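Trainee: got a predicted structure here, sequence first:
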Amino acid sequence: MSESQPPEYNPDANPQGVAAPEQQAPEPWSPPGYQAPVPPQYQPSGVVQSPQYGGAPAMTELTAAERFWYLLGNIAFGAMYLAKVPAKKAFSDFGLVEMTGGEKTWYTILCLMFGAGYFAKIPTAKALSEMDQFRSSGRGLTSAEKFWYVLGNIAFGAMYLMKVPAKKAFSDFGLVQLTEGENTWYIVLCIMYGRGYFNKIPVAKAITETDQLRPGGYGQIPAAGFGG
């Protein structure tokens, strides 16, 4: 009686019903306590990330009420649009946006009216200079703007009271945090026939037209801008 030969081993053979074990690559050895280095987050040169303030979600567009009052205000000879132009000029001076041809024209016309456009720009520029991004970089008002801002405040704090609604607009978009004094004065201005609220809307409209100030993937402040 002949001895039976054992079956020849075939590594590729897989008997039916028997699952092949998964082959896993051995994990690389690491010394005890070793932590893999985390690659640095990419940050484009020349920009500063804008922080978000406040507990409530930051606005990205005008509210329905603000859109209504902005449109209604423009029925009165484009008053809201003309109030937005100086704010947009302040954004342009800080390198945040480039004005359209129409805005540049109307800003020049407003400045011919005893400097109305220039003086209306200064409170918004002052509010911008108080943002952390510009405060840390030393970007602020020009010498002339500082002079007129101080002089304007001699008249019962007029420039400060014009700055408060602009800063409130920045606060609504999560760009800056109001101080207790600014919060108080904004409420007082709103009691005065909604003056604070209505003065805030043109600045808020300008923010919605400035991608680098809007939350949600933007909020990057350039080191150099359009100037002007």
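Mentor: That came through fine.

Trainee: residues of stretch 87-101 that come out buried?
Mentor: Neighbour-count burial for stretch 87-101, counted by 16 or more other CB atoms under 10 Å, picks out 87, 88, 89, 90, 91, 92, 93, 94, 95, 96, 97, 99. For the C-beta atoms, the positions are set from N, CA and C on the backbone; glycine is no exception.

Trainee: tell me which element the fourth one falls in.
Mentor: Element membership of residue 90, judged by DSSP states H and E, is helix 79-93.

Trainee: what is the mean pLDDT for that helix?
Mentor: The average pLDDT within helix 79-93 is 97.

Trainee: packing partners for that helix?
Mentor: If you count contacts as 3 or more CB pairs under 8 Å, 6 or more residues apart in numbering; DSSP states H and E, helix 79-93 packs onto helix 64-75, helix 101-112, helix 116-129, helix 195-208.

Trainee: out of those helices, nearest to residue 163?
Mentor: Of all the helices and strands packed on helix 79-93, it is helix 116-129 that lies closest to residue 163, at 4.0 Å by CB to CB.

Trainee: pLDDT on the closest one, on average?
Mentor: Here the average pLDDT along helix 116-129 is 97.

Trainee: angle of it against helix 101-112?
Mentor: 110 degrees (axes from the mean of the first three to the mean of the last three CA atoms, to 10 degrees).

Trainee: show me the contact partners of helix 116-129.
Mentor: Contacts with helix 116-129, where a contact means CB atoms under 8 Å, 6 or more residues apart in numbering, come from 83, 85-87, 89-91, 93-94, 106-111, 134-135, 139-141, 145, 148-149, 152, 159-160, 162-163, 166-167, 170, 176, 203, 206.

Trainee: can you select the buried ones from the residues you listed in ChimeraX?
Mentor: Buried members of these, defined by 16+ other CB under 10 Å, are picked up in ChimeraX with:
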select :83,85,86,87,89,90,91,93,94,106,107,110,111,134,139,141,145,148,149,152,159,160,162,163,166,167,170,176,203,206
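
Trainee: residues contacting stretch 150-168, please?
Mentor: Residues contacting stretch 150-168 (CB under 8 Å, 6+ apart): 87, 119-120, 122-124, 126-127, 130, 148-149, 176, 178, 182, 185-186, 189, 195-197, 199-200, 203.

Trainee: endpoints of stretch 187-196, how far apart?
Mentor: Stretch 187-196 has an end-to-end distance of 7 Å (CA to CA, to the nearest Å).

Trainee: buried set for that stretch?
Mentor: Applying 16+ other CB under 10 Å to stretch 187-196 flags 189, 190, 196 as buried.
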